[in-house]
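Novice: no FASTA, just this:
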Ligand SMILES: O=C(CO)[C@H](O)[C@H](O)COP(=O)(O)O
């Protein structure tokens, strides 16, 4: 299982610092949506130039104009780009088309999708490389939030998936046992006093 570090900061400089600290322990470096909104696609290029050996994930959360927006991220150096599962199928197909034109991958983020199992199967048919079974930061803050719901959906869907929603060293083992291809870890690393050690702890919690 790969580890993806979601860098939810708003400046390229801070993102580069966090990426440098975590890089030895992670496989994929994600530019969070707030970072791309703040700094634009230049941040994607900056991260790719600093870490050409890592997969660079641009969390654009595309909702419309799938080809156009995904193409912007791929041209800037992204290896993976997100489109929203709640978007129209034509938007997802457009993003997938841009991915194919660049030999890169599109991930469909199921944030806000009620029936994640059904939609996961549909968007995989449309060409998603994998789906992200995701509870966003606002959803995580609500009473009763549980990562288990995401893991159950991932297992049931039977398609390649990642899990995002407050994954930490203490829960990443369950994500791996559920069969995820990728575990997304954000605040457990970037909010830590020592992000390098936090990333190493995440890596140690994953079985090779
Ligand atoms: O995409 C996101 C929010 O929309 C986050 O990057 C994702 O949820 C991972 O961060 P965390 O581990 O803090 O939940």
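Specialist: Yep, it's here. Everything numeric in this text was worked out from a predicted model, so none of it was measured.

Novice: list the residues that contact the residue nearest to residue 162 when sequence neighbours are not counted.
Specialist: What sits nearest to residue 162 in space, not counting adjacent residues and going by Cβ to Cβ, 6 or more residues apart in numbering, is residue 182, at 3.6 Å. C-beta coordinates here come from the backbone N, C-alpha and C atoms, glycine included. Applying Cβ atoms under 8 Å, 6 or more residues apart in numbering, we find residue 182 in contact with 1-4, 27-28, 130, 161-163.

Novice: just give me the neighbour total for the residue of the chain found nearest the ligand.
Specialist: With Cβ to the nearest ligand atom as the measure, the residue in the chain that lies nearest the ligand is residue 186; the distance is 2.4 Å. Residue crowding around residue 186 was assessed by other Cβ atoms under 10 Å; the count is 21.

Novice: could you check the pLDDT of it?
Specialist: At residue 186, the model reports a pLDDT of 97.

Novice: for it, phi and psi?
Specialist: Reported as degrees, to the nearest 10, the phi and psi values for residue 186 are phi -110, psi -90.

Novice: in which helix or strand would I find the closest residue in space to it that isn't next to it in sequence?
Specialist: Counting by Cβ to Cβ, 6+ apart, residue 6 is the residue found nearest to residue 186 once chain neighbours are left out, at 3.5 Å. Using DSSP states H and E, residue 6 maps to strand 2-7.
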